[in-house]
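K.L.:
Task: produce atomic coordinates for the following.
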Amino acid sequence: MLNYHAMKILVIEDQPKVSSFIKKGLEEESYIVDVVNNGQDGIDYAINAPYDLILLDILLPIKDGFQVCQEIRGNNISTPILMLTAKDVVEDKIKGLNAGADDYLTKPFSFAELLARIRALLRRGTSITSHLIQIQNIELDTVKHQAKCNEKLIELTTKEYTLLEYFMRNPNIVLTRTMIAENVWGLNFDTETNIIDVYINRLRNKISQESPNKFIHTLRGRGYVLKEKTESV
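P.N.:
Predicted coordinates for the structure are as follows:
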């Protein structure tokens with residue numbers, strides 16, 4: 001059984017307005033986003049945590065984007081890198097691609113274009129061909145970000161959808177609170193809060209309106225597990 005996780009993106013950008021704009025937009029699309037504002041921290045994050053994609057600005061404090069890209073690649077990390085440049089200069093684009101970037105985007109850009117580039121790079125880097133995940137009587141459409149139970153649409157918030165997708169990509173695996181926190185809420189989440197329990201209860205309640213089957217099980221002292229085999233409540 002392959003262990004999948006919610007898509008995580010590292011944004012290395014020193015302009016707060018730009019990074020907050022990107023982070024907010026991507027989180028609304030159910031991505032997990034970490035932001036750092038200098039080149040050295042970007043390298044450290046990229047090396048020490050798994051990401052599905054890196055957004056990398058060229059003009060950064062401490063180390064510029066070219067240096068960051070080279071060092072990431074020098075550590076044998078093949079994560080797709082989308083480089084952001086403030087200048088539409090051919091030489092910069094060539095330099096970025098030569099440093100190991102997979103694509104580039106010139107500022108200012110629309111969020112729709114950024115999202116399209118990100119999705120294209122993520123498709124290029126994954127072997128998953130189907131965008132539908134089916135477990136028991138729940139079907140998840142990872143392109144439309146929709147969930148159905150017995151063919152009926154379940155109305156979910158962005159975070160509820162992300163949580164459900166994480167469970168459905170990891171069936172029969174015990175997911176601890178720490179694992180859920182890091183993959184659904186991000187690295188800086190406070191695991192002492194009860195927000196995870198609140199959201200899991202919300203999911204259970206919404207699914208139970210369409211199905212009597214028990215879907216997400218609590219394992220006391222260990223975490224939670226989504227079982228592929230149907231169990232009645």
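K.L.:
how close does the nearest residue to residue 77 once chain neighbours are set aside get to residue 81?
P.N.:
Closest residue to residue 77 apart from its sequence neighbours, by C-beta to C-beta, 6 or more residues apart in numbering: residue 46 at 6.1 Å. All C-beta atoms are positioned from the backbone trio N, CA, C, and that covers glycine. Distance, residue 46 to residue 81, using C-beta to C-beta, to the nearest Å: 9 Å.
K.L.:
out of these two, which sits in the more crowded spot?
P.N.:
Ranked by neighbour count (other C-beta atoms under 10 Å), residue 46 and residue 81 place residue 81 first, with 28 against 25.
K.L.:
Leaving out chain neighbours, which residue sits closest to residue 133?
P.N.:
Nearest one to residue 133, counting by C-beta to C-beta, 6+ apart, is residue 140 at 4.3 Å.
K.L.:
Sort out which residues of the helix or strand hosting that neighbour are buried, please.
P.N.:
Using DSSP states H and E, the element containing residue 140 is strand 138-141. For strand 138-141, burial by neighbour count (16 or more other C-beta atoms under 10 Å) applies to 138, 139, 140.
K.L.:
same question, stretch 176-189
P.N.:
177, 179, 180, 181, 182, 183, 184, 185, 186, 189.
K.L.:
then that stretch to PDB, C-alphas only?
P.N.:
In PDB, the C-alpha atoms belonging to stretch 176-189 read as follows (Å, rounded to 0.1, in the frame of the first residue of the first chain):
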ATOM      1  CA  THR A 176      -1.400   9.800  14.600                       C
ATOM      2  CA  ARG A 177      -2.500  13.300  15.600                       C
ATOM      3  CA  THR A 178       1.000  14.600  14.700                       C
ATOM      4  CA  MET A 179       0.800  13.000  11.200                       C
ATOM      5  CA  ILE A 180      -2.600  14.600  10.600                       C
ATOM      6  CA  ALA A 181      -1.500  17.900  12.000                       C
ATOM      7  CA  GLU A 182       1.600  18.100   9.800                       C
ATOM      8  CA  ASN A 183      -0.100  16.900   6.600                       C
ATOM      9  CA  VAL A 184      -3.400  18.800   6.900                       C
ATOM     10  CA  TRP A 185      -2.600  21.900   8.900                       C
ATOM     11  CA  GLY A 186       1.100  22.300   8.400                       C
ATOM     12  CA  LEU A 187       4.300  22.300  10.400                       C
ATOM     13  CA  ASN A 188       3.400  25.100  12.800                       C
ATOM     14  CA  PHE A 189       0.100  23.600  14.000                       C
END
